[in-house]
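Visitor: Fold the following for me, if possible:
(2 chains)
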Amino acid sequence: MLEVKRIRKNRDFVIKSLEKRGIKDVETKVDEVIKLDDDRKTLQTESDEILSNINKASKKIGDLFKSGKGNEAESLKGEVADLKQKVGFYEEKLKETEEALEANLLEIPNVPHESVPAGVTEEDNEITEDWNGPLPQLGDEAKPHWELIEKYDLVDFNLGVKIAGSGFPVYKGKGAVLQRALIRYFLDEATKAGCLEIIPPYLVNAATARGTGQLPDKEGQMYHVTKDDLYLIPTAEVPVTNIFRGDIVNADELPYKLTAYTPCFRREAGSYGADVKGLNRVHQFDKVEMVVIAKPEDSYNILDWMVEHVRNLLKNLGLPFRILRLCGGDLGFTSALTFDFEVYSAAQKKWLEVSSVSNFETYQSNRMKIRYKNESGKSELVHTLNGSVLALARIVASLLENNQTESGIEIPSVLKPYTGFERITL
RNA sequence: GGUGAGGUGGGUGAGUGGCUUAAACCACCGGUUUGCUAAACCGGCGUACUGUAACAGGUACCGCGGGUUCGAAUCCCGCCCUCACCGCCA
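Guide: Predicted structure coming up:
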């Protein structure tokens, strides 16, 4: 959530920036927060003063008893009782105000970065880098990936339905090996780029889900194990960023660059049609994620660095891709700036989102209280960033479609050391 | 799942109702001394809110939430978590 101090300091700028998201009544919401914060301060000051008087009186009572002046002590007790009643009232008010303040803050999304274009739908996203080479031209006999999968027996969706339900693919043979090869390749590249590899828990508690903002905004997106009150992770971002929840990290060690492979579980309630065909949108998919904890002054350089990392992966895989700067309306609730990567899936003739690289600035770290000591020794919130490097299912879809030939599916050369085979054939 | 023990600052760990303003030690930072390093000595060393031009000052925090009391780390109740042993088990 946003920092109240920042809202107070830059009220007009915050309002103007939030309007790029196309949400209503921004000004009202912002001013409500400021008003509640004013109330909170007043109440805090008043209740603190009374508490201070109670503390003084209590000390005095102790002294009076010790020096044998029991009578005076008894009359003081009466005064304290009055004060306690009064402070009870203020404390209750204070608690209500704090809760209202927090509830209001949770409803305000992150302030978009100045470079974010105003806009409502994905049509308004800015293509910052379009594919300037030729798109793969496939012959008439070209098949979409769900037919290729069947032809070469790489993934079995029906088996997944039998075991779990729709949207839970079962990878088989070379399909499974290709999957594993991609995971290893992505992890190796992230490690080479300086990331520490993590294998986190795949189930998380509510506090963790709240930390990265999945709760309360995206509750319906996650699978919930009610018996133990745990959530299946929708992305490695959730457990990995929460490693630092509540910490004051060592400034000298920043930035922390982490990477993790995890399966990702998403309920995708309400999805239907061509969107969910084949591997386009599934309930369980594999992803390698990168998470960075950075000093505020470094975070946008790191964002660029992450974008460059993803660009290189896609280049090395030989997949046509484009990069989008998300507009205000399409930008995630907690993000300040997001670049999406889309690869072209030649048989479907569709662009598929395979990576989303975001800077959350202090929005997550404020909720999670991740801080560091700046040079003058003051605690300051860190910036958090994350990005997919990359999401597997759709990479596989595009790879199969783009690389199909009459004699089989060609494996990109960077993957050959990992797969151990050069093409997928009948 | 059963039984027991326990949760105190960055770490170890003392503290069973008011000289606790959380001891002491370690770690860390600064200083003195010093060929260098080390040692010794001195000082500093939590978080949040509030407050101030900046200091100062105030309040809260000893797992979490309630309660008793003029006063709670300390007493009472509930919850959570950790550890150990047993059972089951990759």
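
Visitor: hey, let's count contacts and neighbours off CA atoms from now on
Guide: OK.

Visitor: For the residue of the stretch 101-250 of chain A at minimum distance from RNA strand B, give the beta-bridge partners.
Guide: At 7.5 Å from RNA strand B, A:I248 is the closest residue in the stretch 101-250 of chain A, using CA to the nearest atom of the strand. Assessed by DSSP bridges, A:I248 has beta-bridge partners A:R371.

Visitor: correct me, but it touches A:K373?
Guide: Yes. The criterion here is CA atoms under 8 Å, and A:I248 meets it with A:K373 at 7.3 Å.

Visitor: Overlap in contacts, these two.
Guide: A:S379 (CA atoms under 8 Å, 6 or more residues apart in numbering).

Visitor: measure stretch A:409-421 end to end?
Guide: Length of stretch A:409-421, first residue to last, CA to CA, to the nearest Å: 11 Å.

Visitor: Quick one: residues in contact with it.
Guide: By CA under 8 Å, 6+ apart, stretch A:409-421 touches A:177-178, A:181-182, A:184-185, A:316-318, A:400, A:403-404, A:422-425.

Visitor: is RNA strand B contacted by the lengthiest helix in chain A?
Guide: Ordering each helix of chain A by length in residues (DSSP state H) puts helix A:26-66 first. Yes. Residues of helix A:26-66 contacting RNA strand B under CA under 7 Å from any atom of the strand: A:41-42, A:44-45, A:48-49, A:51-62.

Visitor: In strands, which of the contacts of stretch A:409-421 appear?
Guide: Counting by DSSP state E, the part of these found in strands is A:404, A:423-424.

Visitor: ok, these vs RNA strand B, which is closest?
Guide: A:I424 (32.2 Å).

Visitor: that older thread, I'd like to know which of the contacts of stretch A:409-421 is nearest to A:K69.
Guide: A:R184 (78.8 Å; CA to CA).

Visitor: And for the closest one, the neighbour number?
Guide: A count of nearby residues for A:R184, using other CA atoms under 10 Å, gives 17.

Visitor: quick one: it and A:V396, what's the gap?
Guide: 14 Å.

Visitor: Contacts only, for A:V310.
Guide: Contacts of A:V310 by CA under 8 Å, 6+ apart are A:355, A:389-390.

Visitor: make that A:V291, sorry
Guide: A:237, A:240-241, A:256-259, A:384-387.

Visitor: any idea of the pLDDT on it?
Guide: pLDDT recorded at A:V291 is 96.

Visitor: Who are the contact partners of A:S335?
Guide: Counting by CA under 8 Å, 6+ apart, A:S335 has contacts A:109-112, A:358-361, A:363.

Visitor: Which members of those residues are classed as buried?
Guide: A:109-112, A:358-361, A:363 (16 or more other CA atoms under 10 Å).

Visitor: For A:L106, give me the pLDDT.
Guide: As predicted, A:L106 sits at a pLDDT of 88.

Visitor: What residues does whichever residue of the stretch 301-426 of chain A sits closest to RNA strand B make contact with?
Guide: Closest approach between the stretch 301-426 of chain A and RNA strand B, counting by CA to the nearest atom of the strand: A:S379, at 5.0 Å. With contacts defined as CA under 8 Å, 6+ apart, A:S379 is in contact with A:248, A:371-373.

Visitor: So which of the residues you listed is surrounded by the most neighbours?
Guide: A:R371 (26 neighbours).

Visitor: ok, that one touching A:D247?
Guide: Yes. Contact criterion CA under 8 Å: A:R371 and A:D247 qualify, at 6.4 Å.

Visitor: on that earlier part again, kindly reformat the ones in strands among the contacts of stretch A:409-421 as a markdown table containing neighbour count.
Guide: Converted to a markdown table, the ones in strands among the contacts of stretch A:409-421 look like this (neighbours: other CA atoms under 10 Å):
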| residue | neighbour count |
| --- | --- |
| A:Q404 | 22 |
| A:R423 | 18 |
| A:I424 | 17 |
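
Visitor: about what we covered before: make a PyMOL selection of the buried ones in the contacts of stretch A:409-421.
Guide: Buried members of these, defined by 16+ other CA under 10 Å, are picked up in PyMOL with:
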select buried, chain A and resi 177+178+181+182+184+185+317+400+403+404+423+424
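
Visitor: quick one, phi/psi of A:V396?
Guide: Torsion angles at A:V396 (phi, psi; degrees, to the nearest 10) stand at phi -60, psi -40.

Visitor: can I get the ones in strands among the contacts of stretch A:409-421 in a markdown table with pLDDT?
Guide: Shown next, in a markdown table, are those (pLDDT from 0 to 100):
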| residue | pLDDT |
| --- | --- |
| A:Q404 | 94 |
| A:R423 | 94 |
| A:I424 | 95 |
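
Visitor: which of the residues you listed lies closest to A:E141?
Guide: A:Q404 (10.2 Å).

Visitor: Would you agree A:N71 falls within a helix?
Guide: Yes. Assessed with DSSP: H, G, I helix; E, B strand; the rest coil, A:N71 lies in a helix.

Visitor: Spell out which parts of chain A neighbour RNA strand B.
Guide: Residues of chain A lying near RNA strand B (CA under 7 Å from any atom of the strand): A:41-42, A:44-45, A:48-49, A:51-62, A:77, A:80-81, A:379.

Visitor: quick one: low-confidence parts of chain A?
Guide: Counting by pLDDT under 70, chain A shows low-confidence ranges at A:68, A:70, A:270-276.

Visitor: how about the helices in it?
Guide: So, for chain A - with DSSP H - the helices run A:4-9, A:11-18, A:26-66, A:70-106, A:145-152, A:157-163, A:173-192, A:206-211, A:237-241, A:299-317, A:363-368, A:392-402, A:416-419.

Visitor: Mind listing what's buried along the first one?
Guide: Same thing as helix A:4-9. For helix A:4-9, by 16+ other CA under 10 Å, it's A:4, A:7-8.
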